[in-house]
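J.: The following comprises the amino acid sequence and a computationally predicted model.
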Amino acid sequence: MENDQASTKKIIINYGVILGVLSVLMGVVIYIMDGYAEQNWIHTVIGLAIIAGVIVYGIKAFKTVNGGFLKLGEAIKVGIGIALIGGIIGVVWTILLMNVIEPGIVDQINDVQREQMLERFPDMPEEQLNQSLEMAKKFTSPYIISAFALIWNLFMGLIISVIAGFAMQRKQDLH
């Protein structure tokens, strides 16, 4: 039983680090391409593909180590563990980026939001525009963005784990 827990922890840590490193690499590419200020749907799709791929492979690795057997609960545990570690590494990157590497990135995000609001609502009174932007600024601090990113990672980890767990589930026959 202790060996099972050791292999579970090892798989969670290994695949969590892989997820975190891939997330940071994607973040670096987005940063280099100046893509943080304006979100692009392709970033979301690539991010989902990365998290899904790593979690599914992690659950598959656990199943292999476990003699080909997998319970849904084990799949969820492994998947959420991987998502948590990957998410924490991603949060460290985000905080580092927004506080050290590019402290002005929050202002860039807010400027883009202002431009988008002016395009969508050209007749909006200046006072209402400023109120909307002040509200939006509260959600663009590095720590709020990081918290939402971690929650998103855990939520996606849960969804992916449940789906993968159902698909790969194979219980041992107890005689």
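T.: Ah, there it is. Numbers count the residues shown, from 1 in each chain.
J.: nearest spatial neighbour of the residue positioned nearest the centre of the chain, skipping sequence neighbours?
T.: Nearest to the geometric centre of the chain sits residue 153, at 3.5 Å (C-alpha atoms, centre = their mean). Using C-beta to C-beta, 6 or more residues apart in numbering and skipping residues adjacent in sequence, the residue nearest residue 153 is residue 87, 3.4 Å away. Backbone N, C-alpha and C define where each C-beta goes, glycine included.
J.: can you point me to the longest helix in the protein?
T.: Counting by DSSP state H, the longest helix found in the chain is helix 2-32.
J.: Which positions in that one come out as buried?
T.: For helix 2-32, burial by neighbour count (16 or more other C-beta atoms under 10 Å) applies to 8, 11-12, 15-16, 18-20, 22-24, 26-27, 30.
J.: Could I get those residues in a markdown table, plus columns for pLDDT and distance to residue 148?
T.: Listed next are those as a markdown table, based on pLDDT from 0 to 100; distance: C-beta to C-beta, whole Å:
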| residue | pLDDT | distance to residue 148 |
| --- | --- | --- |
| 8 | 90 | 28 |
| 11 | 96 | 27 |
| 12 | 96 | 23 |
| 15 | 98 | 23 |
| 16 | 97 | 19 |
| 18 | 98 | 22 |
| 19 | 97 | 17 |
| 20 | 97 | 17 |
| 22 | 97 | 19 |
| 23 | 95 | 14 |
| 24 | 96 | 17 |
| 26 | 94 | 17 |
| 27 | 91 | 15 |
| 30 | 88 | 16 |
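J.: And residue 169, its phi and psi?
T.: phi -60, psi 130 (degrees, to the nearest 10).
J.: Verify the stated contact: it with residue 70.
T.: Yes: the pair residue 169 / residue 70 is scored as a contact, 5.5 Å apart, by C-beta atoms under 8 Å.
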